[in-house]
Structures are given as structure tokens and as C-alpha cells.
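1. quick one: sequence and predicted model below, then my questions.
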Amino acid sequence: FYINKINRFNQMKIFINYSIIALFFLTANVYSSDEKIGRNFVDLEDIDDGYNIHVMYVIPADGVDKEYDLNSKISMLLYQIDNWFNSKTKDRLYIDGQNLKFDRKEDGKIDITFLRLEKEDNEISKEGIQAVNVLQPSISSHGFNNPKKVYFIVYGGSNRDVCASSQLPSYATEGIIANTAALYYPGKRSGSCIDNNGGFKPEFNETAKAALHEILHVLGAVPQCAEDHLVFASEGTINDGIGGHIAIPGDIMYSVQSNVTYDKAKHLDYKSTNYYNHNNENCLDIAKSRYVIPTVDSPQLPTFSVK
């Protein structure tokens, strides 16, 4: 009787475990072809305090899986981004500079989650610069809504207007979550996001620049209280009314009204007066962000100093 009871208990555990797995794949819209060795469909357990930039490879329901999470394309992109950021922060707040605090696994590699959405590419692409506001609630509905994290999405699909976009925490209305930045790849159907020195390459090119620009946006740059903060006027462009930039050519946060510029990124707030290592203690400073390392003793969230 005792042995039979144990067997029934073990069978029940097996049934429950398989049921949980089946439920996960059903709700996550996972195709059998998406299941590949080394791929993660969940955010792995954190090895830090949980405040980090979680990276996701997201594709639409009708998207083609290019395996960017498995073939090192995304990892290479993030390496170039972080290497550039570190080089521009050296000998400032810290002698050795700072790095972006990406979510990592125990082996030190970046924790990248794969997600296939229920929405098709056209539903997302047609939103243009606002597509990130479709992606954020979409990933949130699948459980990617940890309040400690910000999310960087490499979206494997198109976009009608832009190569990348981000939510702006300092402009979010009350009750609206603004924690996501997105790179659209290949992006514009004209191919211009990959042309003009773009694409996944072992260099800090236009694709890497666009990705870092949007990541800095979701970390709070450029704050409205910054000395050179720029808000675009209403001129009938996709950038109308959008803030978070500065009009200093060569800066990673530089942009223009038309949203079309191939100005080479050379600086990260080189004057230290706008968003990195400045002296305005009441204004957000990326050098003091929770999402960079080393992290200061009293770090700031992206919503710090929001008016």
C-alpha cells in the first residue's frame, strides 16, 4: 500500500510538471521549430540585485527566426555598445569607467530571452516610432514586467518609419509603464537601417549607435532638467513633440527633427552638463543610475527628477 501510494504521488508530480510545461508553451505562443538548444523562453534567475537591463529577442507571429539570440549576433551588438559606453566614461566618475548593467547568467554571458508574439509584423510595423508602445504591453502580458528591470528588445521584423525607438520615462503619464527600448531589425523595408554602415557587425556602427541611443532613453536620458534638453517642435514629422535629446552634433543623444541623421557618435555628454557625471544633484545622471556598474551608493532610477 505504501509503495503504491508513493508511485501514485510520483505519477502525479510528473503529470503536474508536464502540465505546467504544456501550459507555458501554449501561453507563450512557442512553435516547435522555436525550441532550440541553448534558447531561453524565461528570464533566468538573477545573479545580481535584480536591477538590470534584460535583453529579449522578440519576433512576430509570422516572423522568421534568425536565431540572433543563439548565433552571437545580439551578444556581439551588446559588446560593441558596452565597450563604447565604457570607453566614453573612463577617467570621469571612475578611472576605469562604467559599464551597462545587462542581465547576465552565472557564466557571465548575457541572459537573452526568446519570445514569439501573437501579433503579426504588420500590426507592429505600421505603428512606426510608436511600435515600442505595442511591444511593451505585449511582452508584459507574457510576464516580462519585473518592476526592477528595464527591457531592451531586438525585434526581428520591420518598422514603417524608424530603426529603433524607446519609451521615455520622464514623459510617461501617470499609470503608464515606460521601461522598454527596441531595435527593429532589419527595420525599415527600404533596407536603410542595415545600409549606411549598419547591421550586426563587430564594430560600433549605426545599428549599435541606434540601440545605445534608445537604451539611454529608457534609462532616463536626456532629462528635462538638463541644460541643453531639446524638445522637437510640431512640424508634421514623426518626432513632433518628442523630447529626450540634445542639439549637439556628435553626441550619442543628438537627433534632428526629421529623425534622419548619419552624424557619427563621438561623445557621451562630453561637457558633463546634461546627462552624465554633471553637478546638478536634482537632475538625473546616468553615471548614478541603478543600471550601470560600478553603481554609486545611492543610485537613481530612470524617473529621478521627473517634473
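-> That came through fine.
2. how about the helices in the protein?
-> Taking DSSP state H as the criterion, the chain carries its helices at 2-27, 73-89, 121-125, 132-140, 206-218.
3. can you tell me which of the ones you listed has the worst average pLDDT?
-> Among the helices of the chain, helix 2-27 carries the lowest mean pLDDT, a mean of 48.
4. center of the protein - which residue?
-> Centroid check for the chain by CA atoms, centre = their mean gives residue 152 as the closest residue, at 1.4 Å.
5. contacts only, for it.
-> 53-56, 180-183, 211, 214-215, 218 (CB atoms under 8 Å, 6 or more residues apart in numbering). Yep, even glycine has a C-beta here, placed from its N, CA and C like the rest.
6. any stretches of the chain with poor pLDDT?
-> 1-30, 233-241, 256-263, 306-307 (pLDDT under 70).
7. before we move on, the earlier item: gap between the residue nearest to the centre of the chain and residue 216?
-> To residue 216, residue 152 is 11 Å away according to CB to CB, to the nearest Å.
8. equivalent analysis for residue 107, please.
-> 27 Å.
9. repeat for residue 48
-> 20 Å.
10. comparing the two, which shows the higher neighbour count?
-> Per other CB atoms under 10 Å, whichever of residue 48 and residue 216 has more neighbours is residue 216, with 27 against 13.
11. got a list of what the more buried one touches?
-> Applying CB under 8 Å, 6+ apart, the residues near residue 216 are 252-253, 275, 286.
12. now it: how far from residue 123?
-> 28 Å.
13. how about the contacts made by the closest residue to residue 212 other than its chain neighbours?
-> Here the nearest residue to residue 212 in space, its sequence neighbours aside, is residue 81; by CB to CB, 6 or more residues apart in numbering that works out to 4.6 Å. By CB under 8 Å, 6+ apart, the residues touching residue 81 are 100, 204, 208, 211-212, 215.
14. ditto for residue 291
-> 51-53, 100-101, 150, 219, 302.
15. in strands, which of those residues appear?
-> 53, 100, 150 (DSSP state E).
16. surely the second one touches residue 53?
-> Okay, so that is residue 100. Yes: here residue 100 reaches residue 53: they are 6.1 Å apart, a contact under CB atoms under 8 Å.
17. overlap of the contact sets of these two?
-> By CB under 8 Å, 6+ apart, the residues touching both residue 100 and residue 53 are 215, 291.
18. the closest residue to residue 73 other than its chain neighbours: what's it in contact with?
-> Distances taken as CB to CB, 6+ apart place residue 200 nearest to residue 73, at 4.3 Å, with adjacent residues excluded. Residues in contact with residue 200 (CB under 8 Å, 6+ apart) are 68, 73-74, 76-77, 185, 207.
19. what do you get if the cut-off is 7 Å, keeping everything else the same?
-> 73, 76-77, 207 (CB atoms under 7 Å, 6 or more residues apart in numbering).
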